[in-house]
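>>> Turn this into a structure:
(chains A and B)
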2 protein chains.
Amino acid sequence: MKNSNVSRRDFVKLSMVGAGALALGAVNAQAAVNAKDVKFDEEWDVVIVGSGFAGLAAGITAAEKGNKVLILEKMGRVGGNSVINGGIFAVPNSDKQKAEGIKDSNELFIKDCLKAGRGLNHVDLIDTIATRAQDAYKLTLKCGAKYIDKVTHAGGHSVPRSLQTANGSGSGIVQPMVEHFKNLQGCELRQRAKFDEFVLGEDGGVDGVIIREDYKFDPKSQKDDAENTTGTKKVIKAKKGVVLAAGGFCRDVFFRQVQDPSILPSTDSTNHPGATAGAMKEAFRIGATPVQLSWIQFGPWACPDEKGFGVGSMFNVNGSFRYGISVDPRTGKRYMNELADRRTRSQAMFKVIDAKADIYPINFCDSEGVKNMVIPEHYTKPLESGVLKKFETLDELAAAYKIPAAELKKTVERYNSFVKSGKDEDFGKPMDKTTTNGVDISKPPFYAMRGTPKLHHTMGGIDINTKAQVISLQTEMPIPRLFAAGEITGGVHGASRLGSVAIADCLTFGMIAGENIG
Amino acid sequence: MKNSNVSRRDFVKLSMVGAGALALGAVNAQAAVNAKDVKFDEEWDVVIVGSGFAGLAAGITAAEKGNKVLILEKMGRVGGNSVINGGIFAVPNSDKQKAEGIKDSNELFIKDCLKAGRGLNHVDLIDTIATRAQDAYKLTLKCGAKYIDKVTHAGGHSVPRSLQTANGSGSGIVQPMVEHFKNLQGCELRQRAKFDEFVLGEDGGVDGVIIREDYKFDPKSQKDDAENTTGTKKVIKAKKGVVLAAGGFCRDVFFRQVQDPSILPSTDSTNHPGATAGAMKEAFRIGATPVQLSWIQFGPWACPDEKGFGVGSMFNVNGSFRYGISVDPRTGKRYMNELADRRTRSQAMFKVIDAKADIYPINFCDSEGVKNMVIPEHYTKPLESGVLKKFETLDELAAAYKIPAAELKKTVERYNSFVKSGKDEDFGKPMDKTTTNGVDISKPPFYAMRGTPKLHHTMGGIDINTKAQVISLQTEMPIPRLFAAGEITGGVHGASRLGSVAIADCLTFGMIAGENIG
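Next comes the predicted model:
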């Protein structure tokens, strides 16, 4: 372990089942709970842990087959990280692409993912997304999700294949799905309901879950899963199985640091505070196969002048990185392809950043750039909050961030020549029309923001097959009646996830879990 | 999962405990076995799983404190990978270094490891090795291990700090330790004894193990841990605890491919056939924390013309890479620093290799080079086996491997000029006297071998603290009475292990486990 100053845990885990299982007082609750040793308080066909994209897609798909579905959400708020992202959804081989004359294929999507993922991706899973994402997209349309008409060209993708929600946020998908789910007969979405443990059947498969109701997540604790004892225990039967859709662990300080000790406890994340590894850890405890846990992704488009994902991230994703540039304030020069994959960009930015000296890259574009942003809120909101600033001249911009003005102007001139020639000779940023729309940096005012990578996505997690079944470490076979989808799984993205493939991953495998359960 | 064509497992796991635990017939044996449900067949103070460097160091240290120690070895042969390596042992801050005037420090050792490990190393663990490796070295001396007098400068290390066994193999350490252990009162090393499962106590800690005696490892099976049912079950009490020293998983086709799908089932490994993840998986099942599992190292010095570690590897480690060069046969040119860290070298070699066209890098040195090799067997053995070839002229060497002769001679000339100037202007190979001893490539005959990386070390594994205690995923605290040491643990080496640090890691943490148990 990295940090040997772990404080002692001196209480009894509330969720432990006394009779027939381990004696109370155990510090390590290794022995799994058997169905024959418990009395079930409730009975459902399908229980889903997590109410984000993956959980909702699984819940709706399973319910529409006639199952009684219970979705558990530990937080007071529904939707996890799925409601606090930009709502960009990669749909390879989509009808929308065809309508715009964009040629795409499973092979091209796989190639793009493998390049970003450093060849570590589980190819059968990416292939499944390429084949089924269009179905998942249709599922969201059926629920009432709305998208911008034009297909977007997201960073690291060879062709435009990403769809942007009309409200510029993942909430544009989550909210209609929640409404749709709640209207389904005999289904329930229960908030502040924390999954604690599995209940196992005689065949070693999953028969149910032990949860706590009226649980209150403690955002101040760095180990809420281990130490928070709030809530009232309930034992719930899941006749046809359980879907784990509880997300990743960017906010799990212990677990993320074990996997990557270079990440400090103080490092900020774009994730909601409940993004911990509790459910994932319980899956490992019943034999789920851990995969590629040490690959933790930074989102390179966040802002150091606000907490979390904030309102600034989408300005960089859809504005400055696409229609503008990022410079090192000490030199006034560019230092990266602003649309490279996230890992490449984050590593480049960390070389520029000197947190002690409060030095961060400056990302900016011009007024034509913000006009090209399809969601105006992506620059109006950060302007209102103050993290995005407006300057009438490049000299003013340079002065505000202590950038050598002459160098900055030379950099802008050079970049503008690349826009004109269609080729970035310095860093290879794509300069085709679908990416930059021919926008250079020349029309004041100029819009600038300080940039920093923040922890955004944990690529590793639980191993699944193409049916979203969880694979046992011991048998190398599916654990009966246990499914998983979304960020809690590993292998899809390999070393680094491409932007807009998270929503594709979560919705597609959530839907597939719902199709296969029961 | 990468490969969806997993064959069905249709038998009952022999090691399962029927009464009081899960019903027989379960495909997934998730529920851990509780001590109150079993009858112990034997009773020991300490049980150790694995008889390599780590297991032996733990066994001897624990036994000399007065414990009755049982070491379990699943294979017919003692010593695992520890007897089939070059026997180079990094001992930072050693008396030997001081005697030779070599300045070393914990900081320098940590810096070297972090550079190779891409910053992912658990610094507290490397620091512990730097502080205690000298004690582990003394332990081996006490057992009768013999070393070459001179300190060796191994690849990736800033200073000479590695000690070479006198017989040029890890067996030079293992054999005397085995003899020493066997002579200790009330201790036993039991071969063909396979660890299957833990037995847990009331506090959730480890009370014992379930094993099979007269087990026969099946080298033809790709999933021996899951499918081999040979042997007779025995339940063994470990009053003071268990040390896991069962090594890494380079030969576990399923598990290594889940972690890194770019590794093919057919990819060769330097490891002994029994290097599977069985014991590690059982540890995860009782809550051990998995760490950095997707970092799997290739040894860049193996030979494609023999299986496994073979007799050729040490020619490259101690001969061609140090006193000679490696060239691309198509161009006759060098393509890497022959003494860079293993990951860097392997990646460079894979760019040269075209297995379909049977093209591999050619590694060679001259007669002065082999004379400088401290262990003559490192070139005489591969000469005898035929994987190393002798040529009277560079023209003959070029002709044998279809290298453009003129280019090859130019490359040698250029390299020789670097030896003279003391600076490799092309790839930055260290040219100081302690590395090359001023040897260039000029004195026939020339000794050449085809080279390839083979899977060598799995950096990831079980999380431990500086006392070699296994850390629980659920509690973030030590699992009572469970220790681990050596390649089965993760975090020490981060993304890539430096050569000669495996022996340091295994012996140091094995010794520490033995000190802390009981």
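>>> Residues of the stretch 401-518 of chain A that sit close to chain B?
Taking Cβ under 8 Å from any Cβ of the partner chain as the test, the list of the stretch 401-518 of chain A residues beside chain B reads A:460, A:463-466, A:471-477, A:479-480, A:491. Bear in mind the C-beta positions are built from the backbone N, C-alpha and C, glycine included.
>>> Now with 10 Å, please.
Residues of the stretch 401-518 of chain A lying near chain B by Cβ under 10 Å from any Cβ of the partner chain: A:459-460, A:463-467, A:469-480, A:482, A:490-491, A:494-495.
>>> Between the two ends of stretch A:290-307, how far is it?
By Cα to Cα, to the nearest Å, the extent of stretch A:290-307 from end to end equals 30 Å.
>>> Does the residue lying closest to residue A:324 once chain neighbours are set aside belong to a helix, a strand or coil?
Nearest residue to residue A:324 in three dimensions, chain neighbours excluded: residue A:365, at 2.8 Å (Cβ to Cβ, 6 or more residues apart in numbering or on different chains). At residue A:365, secondary structure determined by DSSP: H, G, I helix; E, B strand; the rest coil is strand.
>>> thought residue A:365 was touching residue A:447?
Yes: in this structure, residue A:365 sits in contact with residue A:447. The criterion is Cβ atoms under 10 Å, and the distance is 5.9 Å.
>>> who touches both of the two?
With Cβ atoms under 10 Å, 6 or more residues apart in numbering or on different chains applied, the overlap between the contact sets of residue A:365 and residue A:447 consists of A:315, A:319, A:320, A:323, A:324, A:373, A:379.
>>> For chain B, see how far away the third one is.
Using Cβ to the nearest Cβ, to the nearest Å, we find residue A:320 at a distance of 28 Å from chain B.
>>> picking up where we left off before, so which of the shared contacts of residue A:365 and residue A:447 sit within strands?
Residues of these located in strands (DSSP state E): none.
>>> now stretch A:173-190: how far from the chain's centre is it?
Here stretch A:173-190 shows a centroid-to-chain-centroid distance of 21 Å under the convention Cα atoms, centre = their mean, to the nearest Å.
>>> Next, the buried residues of that stretch.
A:173-178, A:180-181, A:184, A:187-190 (16 or more other Cβ atoms under 10 Å in any protein chain shown).
>>> Could you give the separation between the terminal residues of it?
Using Cα to Cα, the end-to-end distance of stretch A:173-190 comes to 19 Å.
>>> so how far is stretch A:398-412 from its chain's centroid?
With Cα atoms, centre = their mean as the basis, the mean position of stretch A:398-412 lies at 35 Å from the chain mean.
>>> First-to-last residue distance for that stretch?
The stretch stretch A:398-412 measures 12 Å between its terminal residues, going by Cα to Cα.
>>> Buried residues, that stretch. List them.
A:398, A:401, A:403, A:405, A:407, A:408, A:409, A:411, A:412.
>>> Is it possible to get a markdown table of those that adds pLDDT?
Converted to a markdown table, the buried residues of stretch A:398-412 look like this (pLDDT from 0 to 100):
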| residue | pLDDT |
| --- | --- |
| A:398 | 98 |
| A:401 | 98 |
| A:403 | 98 |
| A:405 | 98 |
| A:407 | 98 |
| A:408 | 98 |
| A:409 | 98 |
| A:411 | 98 |
| A:412 | 98 |
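>>> possible to save the residues you listed as TSV with secondary structure?
As requested, these are arranged in TSV below (three-state DSSP):
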residue	secondary structure
A:398	helix
A:401	coil
A:403	coil
A:405	helix
A:407	helix
A:408	helix
A:409	helix
A:411	helix
A:412	helix
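>>> Could you confirm whether stretch A:46-61 reaches chain B?
No: using Cβ under 10 Å from any Cβ as the criterion, no contacts between stretch A:46-61 and chain B are found, and the smallest distance is 16.4 Å.
>>> Roughly how far does residue A:402 sit from residue A:447?
Counting by Cβ to Cβ, to the nearest Å, the separation of residue A:402 from residue A:447 is 18 Å.
>>> ugh, wrong one, I meant residue A:463
From residue A:463 over to residue A:447 (counting by Cβ to Cβ), the distance is 43 Å.
>>> do the same with residue A:156
In this view, residue A:156 and residue A:447 are 24 Å apart by Cβ to Cβ.
>>> who has more neighbours, the two?
When residue A:156 and residue A:447 are compared on other Cβ atoms under 10 Å in any protein chain shown, the one with more neighbours turns out to be residue A:447, at 26 against 23.
>>> Who does the more buried one form a beta bridge with?
Using DSSP bridges, the bridge partners assigned to residue A:447 are residue A:365, residue A:390.
>>> Let me see the ranges of the helices in the stretch 201-350 of chain A.
In the stretch 201-350 of chain A, the helices defined using DSSP state H, counting those that start in this stretch lie at A:224-227, A:253-259, A:278-285, A:313-315, A:321-323, A:342-352.
>>> Throw the ones you listed into TSV and include mean pLDDT and mean neighbour count, thanks.
TSV is the format used below for the helices of the stretch 201-350 of chain A (pLDDT from 0 to 100; neighbours: other Cβ atoms under 10 Å in any protein chain shown):
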stretch	mean pLDDT	mean neighbour count
helix A:224-227	92	21
helix A:253-259	95	24
helix A:278-285	95	25
helix A:313-315	96	28
helix A:321-323	96	25
helix A:342-352	92	20
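>>> can you list these in CSV and add distance to residue A:107?
Formatted as CSV, the entries for these read as follows, by distance: least, Cβ to Cβ, whole Å:
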stretch, distance to residue A:107
helix A:224-227, 40
helix A:253-259, 31
helix A:278-285, 31
helix A:313-315, 31
helix A:321-323, 26
helix A:342-352, 22
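>>> Tell me which of those helices sits nearest to residue B:123.
Closest approach to residue B:123 among the helices of the stretch 201-350 of chain A is made by helix A:253-259 (11.3 Å; Cβ to Cβ).
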